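Novice: Fold the following, please.
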Amino acid sequence: MCLLGLITAVEFFENAMFVFGAAHIMGGLDATPAEFVRAQAAYAVGCLMAMVMQQYMAARYGYRRYLLASMVLFSVALLACAHSQSLGQLTGARLIQGLGGGTFFTSSRILVPLLFAPEDRGAALKRFIGLIFGASALAPACSAWLIENRDWSWVFYAALPPALLACAGIWYLMPAQVGRAKASWRAEPHFHLLAVPMLWFAVAVVCVQLGLSEARFDVLAHPLRLLLMLTVGLLMLALFLWQQWHQDVPLLHLRKLQSSVYLTGLGLYFVHYFLSNFSAYLFPIFAESGLGFPLAAAGWLNSLAGWCSLILALAYMKFSPHLRSKRWVMLSGLACFALYAGLLSCMPAGVDAWHVVPAMLAKGAFGVLLVLPVAGLTFKELGDEHFAHGYQGKNMMRQLAASASTAMAAIMLQNRQFALHDVLGAELGSDRVAVRDWLTQLGQWWQGQGMSELQARSSALLELSRTLTHQALLLACEDLYRLLVLLALLGVVAVLSQRKLL
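Specialist: Numbering: from 1, shown residues only. Okay, here's the model as predicted:
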């Protein structure tokens, strides 16, 4: 039971550390943001490829062999990431890491009904969810400490011990034949059924992921190139899905997932992952660059939200059987997210970190109160027979929602910051009396520090520019938090209007 949670927790732990320390990893490799997003996209591409192949590989080789090979691949990629000397090396290592790690969440969750009788599944899920939330809570604080006291490469080294422990656990504890199909099925030549659709899917995910990841840089400079990339990717994805629908031996069993309950749950999963990843991208920038918090403070605030999620998750699993309707739990989760975004939307610069704690506690509550009720209701019509296919599709949607929300957050933050910078620049031009007096006083202070008149004037103008940039970023983040409040309220409307998940 603990092993299944550990397998998934390894990937959650490493990815949470990577996302939190992304700016410092970028600085260590001397990479621009436009270049660095390719490394992030490479992991997503690898994950999606692994998710599509997950059912086929497990049926052919069994979960023990498949998960062990994937964990070894993930561990080797961790070392490759830690020793990367250039962004190209990191991008290749992250692609390999995604090919290994993309199967962990889906496979581990599918193994719960395969390995345990109905009366034991509750205990297995409790350990599974506890380890995932615990790893996610520990990761930001761990990443901040390692970067401050070591260097960015330790973000990857830190995930290696639990990965190796998981390898040993898979080898010694996982039954050899679990999930493996009959020998006659494995002997059939399936390559001709896989090669062409996998090529379509590979082209689709590369185009879509690169388009989403680089959208913040291309939306203004190269809009036609961005549009072409996304169009090709979506067309290839539609072709792949059409082929899978009509294929007798598909990689994705789409025809078995025609359940209105499942599709409704998938939509609410999308709401959760979109809001979570949008805010996950926004908060570190807001905390460090907007509010001026040190790295360690931002890490502990993120971890505080994670520990809140863990405690509530354990409480929810204990008391959820006594809840007649889960609708109000979902609504309370969205209300907590609206509270979180609303509190941060009016947070002034220079505020103490303790003032952010209530918002982070509300964020931690959202992480449980929406997704766990949805998770418990989404798959009830599929049953054990089609649960694996349903969970495979859910995790693919999760990866796409994460990429789309992160790209949208990056684009909107950049555009809003530029717009606000222009507005503030017009209002605080050096031709205004108050601004001119401020520049004169600051220039005089710099002259008192030994600068020449020209140097003092330049330093004062530079300080004004920095103040404008900082204020524009702070206001842009707060505007996006107001947008998140609106999106959370739209989520409330969606939960109230649906009649499938109650």
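
Novice: host element of Val492?
Specialist: Assigned by DSSP states H and E, Val492 falls within helix 453-497.

Novice: From the contact counts, what lies against that helix?
Specialist: Contacts defined by 3 or more C-beta pairs under 8 Å, 6 or more residues apart in numbering; DSSP states H and E place helix 453-497 against helix 260-285, helix 327-345, helix 383-427, helix 433-448. Yep, even glycine has a C-beta here, placed from its N, CA and C like the rest.

Novice: what helix or strand does Val37 sit in?
Specialist: Assigned by DSSP H and E, Val37 falls within helix 33-61.

Novice: so what does that helix touch, helix or strand wise?
Specialist: Counting contacts by 3+ C-beta pairs under 8 Å, 6+ apart, helix 33-61 is packed against helix 22-28, helix 63-82, helix 87-101, helix 104-115, helix 183-186, helix 191-213, helix 215-221, helix 383-427.

Novice: Out of the ones you listed, name the one with the poorest average pLDDT.
Specialist: Note on the helices and strands packed on helix 33-61: helix 183-186 shows the lowest mean pLDDT, a mean of 47.

Novice: circling back to that earlier point, which one of the helices and strands packed on helix 33-61 lies nearest to Trp145?
Specialist: Trp145 lies closest to helix 22-28 among the helices and strands packed on helix 33-61, at 12.2 Å (C-beta to C-beta).

Novice: Just give the number of residues close to Gly28.
Specialist: Using other C-beta atoms under 10 Å, Gly28 is surrounded by 17 other residues.

Novice: Need the three-state assignment for the nearest residue to it once chain neighbours are set aside.
Specialist: Spatial nearest neighbour of Gly28, chain neighbours left out: Trp152 (4.3 Å); criterion: C-beta to C-beta, 6 or more residues apart in numbering. Of the three states, Trp152 takes coil under DSSP: H, G, I helix; E, B strand; the rest coil.

Novice: any idea of the mean pLDDT for stretch 159-173?
Specialist: For stretch 159-173, mean pLDDT rounds to 95.

Novice: list the buried ones in that stretch?
Specialist: For stretch 159-173, a neighbour-count test (16 or more other C-beta atoms under 10 Å) marks 159-160, 162-163, 166-167, 169-170 as buried.

Novice: between the helix holding Val37 and helix 104-115, how many degrees?
Specialist: Orientation check (axes from the mean of the first three to the mean of the last three C-alpha atoms, to 10 degrees): helix 33-61 against helix 104-115 gives 20 degrees.

Novice: Quick one: distance of helix 33-61 to the chain centre.
Specialist: Computed by C-alpha atoms, centre = their mean, to the nearest Å, the chain-centroid distance of helix 33-61 equals 14 Å.

Novice: mind listing what's buried in that helix?
Specialist: Across helix 33-61, burial judged by 16+ other C-beta under 10 Å covers 35-61.

Novice: State the mean pLDDT of the helix or strand hosting Leu228.
Specialist: Using DSSP H and E, Leu228 sits in helix 223-246. For helix 223-246, mean pLDDT rounds to 84.

Novice: Which strands or helices does it pack on?
Specialist: helix 191-213, helix 215-221.

Novice: hmm, 6 Å instead?
Specialist: In terms of contacts (3 or more C-beta pairs under 6 Å, 6 or more residues apart in numbering; DSSP states H and E), helix 223-246 is packed against helix 191-213.

Novice: burial of the residue nearest to Gly28, as a residue count?
Specialist: Neighbour tally, Trp152, other C-beta under 10 Å: 22.

Novice: Please tell me the pLDDT value assigned to it.
Specialist: As predicted, Trp152 sits at a pLDDT of 91.

Novice: re earlier: what is the distance between the helix holding Leu228 and the centre of its chain?
Specialist: On C-alpha atoms, centre = their mean, the centre of helix 223-246 falls 23 Å from the chain's centre.

Novice: and what of stretch 114-124?
Specialist: Distance of stretch 114-124 from its chain centroid, counting by C-alpha atoms, centre = their mean, is 28 Å.

Novice: again, but for stretch 323-337
Specialist: For stretch 323-337, the gap between its own C-alpha mean and the chain's C-alpha mean amounts to 22 Å (C-alpha atoms, centre = their mean).

Novice: same check, this time on stretch 65-74
Specialist: On C-alpha atoms, centre = their mean, the centre of stretch 65-74 falls 22 Å from that of its chain.

Novice: next one: stretch 82-89
Specialist: 22 Å.

Novice: got the buried residues for it?
Specialist: Using 16+ other C-beta under 10 Å as the test for burial, stretch 82-89 gives 82, 84, 87.

Novice: Present those residues as TSV; the columns should include distance to Phe293.
Specialist: Listed next are the buried residues of stretch 82-89 as TSV, based on distance: C-beta to C-beta, whole Å:
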residue	distance to Phe293
Ala82	27
Ser84	28
Leu87	27
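
Novice: Among these, which one sits closest to Leu239?
Specialist: Checking those against Leu239 with C-beta to C-beta, the nearest one is Leu87 at 31.7 Å.

Novice: Checking Lys500 next. Helix, strand or coil?
Specialist: The three-state label given to Lys500 by three-state DSSP is coil.

Novice: how deep is it tucked in, by neighbour count?
Specialist: Around Lys500 there are 17 other residues, counting by other C-beta under 10 Å.

Novice: Could you do Pro321 as well?
Specialist: Look at Pro321: counted by other C-beta under 10 Å, it has 8 neighbours.

Novice: And for Asp248?
Specialist: The number of residues packed near Asp248 is 5, by other C-beta under 10 Å.

Novice: same deal with Gln399?
Specialist: By the criterion of other C-beta under 10 Å, Gln399 has 22 neighbours.

Novice: Same question for His322.
Specialist: His322: 6 neighbours (other C-beta under 10 Å).

Novice: Give me the pLDDT for it.
Specialist: At His322, the pLDDT recorded in the model is 82.

Novice: same question, His272
Specialist: pLDDT for His272: 94.

Novice: Surely it is in contact with Leu370?
Specialist: Yes: between His272 and Leu370 there is a contact under C-beta atoms under 6 Å: 5.0 Å.

Novice: Among those two, which residue is more densely surrounded?
Specialist: Higher neighbour count among His272 and Leu370: Leu370, with 29 against 24, using other C-beta under 10 Å.

Novice: who touches that one in this structure?
Specialist: Neighbouring residues of Leu370 by C-beta atoms under 6 Å, 6 or more residues apart in numbering: 272, 330, 333.
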